[in-house]
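S.K.: Give me the fold of what follows.
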Amino acid sequence: MKEYTTDISSRRDVLSACLRYAALAALAAVGASAFFKRRRLLRQGTCINDGFCQDCMILESCGLPAALSAKKTSAGADNG
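M.R.: Numbers count the residues shown, from 1 in each chain. This is a model prediction of the structure:
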């Protein structure tokens, strides 16, 4: 008779591993999509922060009209 080993994966284990890796791949795809969308918007000169300039990380280097206005306003508030 043939002896069976105990390390043969059941169908449930294989299915759960496949779903786990599919979810991981989907999460990586969404993250990569968001990263490349942000880079594309920056390259096109589009605001990536929906016009909220005061909390933006790139306010100092931004040349968009809303950012220039926010910089002028914040500079005026510090002086007066």
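S.K.: Tell me how many other residues surround residue 64.
M.R.: By the other C-beta atoms under 10 Å criterion, the neighbourhood of residue 64 contains 15 residues. Bear in mind the C-beta positions are built from the backbone N, C-alpha and C, glycine included.
S.K.: tell me the contacts of residue 54?
M.R.: For residue 54, the contacting residues are 70, 74, taking C-beta atoms under 8 Å, 6 or more residues apart in numbering as the criterion.
S.K.: change it to 10 Å
M.R.: By C-beta atoms under 10 Å, 6 or more residues apart in numbering, residue 54 lies in contact with 67, 70, 73-74.
S.K.: Residue 45 too?
M.R.: Going by C-beta under 10 Å, 6+ apart, residue 45 touches 62-64.
S.K.: let's go with 8 Å and repeat that
M.R.: Residue 45 sits in contact with 63-64, where contact means C-beta under 8 Å, 6+ apart.
S.K.: how is this structure carved up into domains?
M.R.: Listed domain ranges for the chain are 1-46, 48-80 (source: automatic domain parsing).
S.K.: In terms of mean pLDDT, which of the ones you listed ranks lowest?
M.R.: Considering the domains of the chain one by one, the lowest average pLDDT is found for domain 48-80, at a mean of 72.
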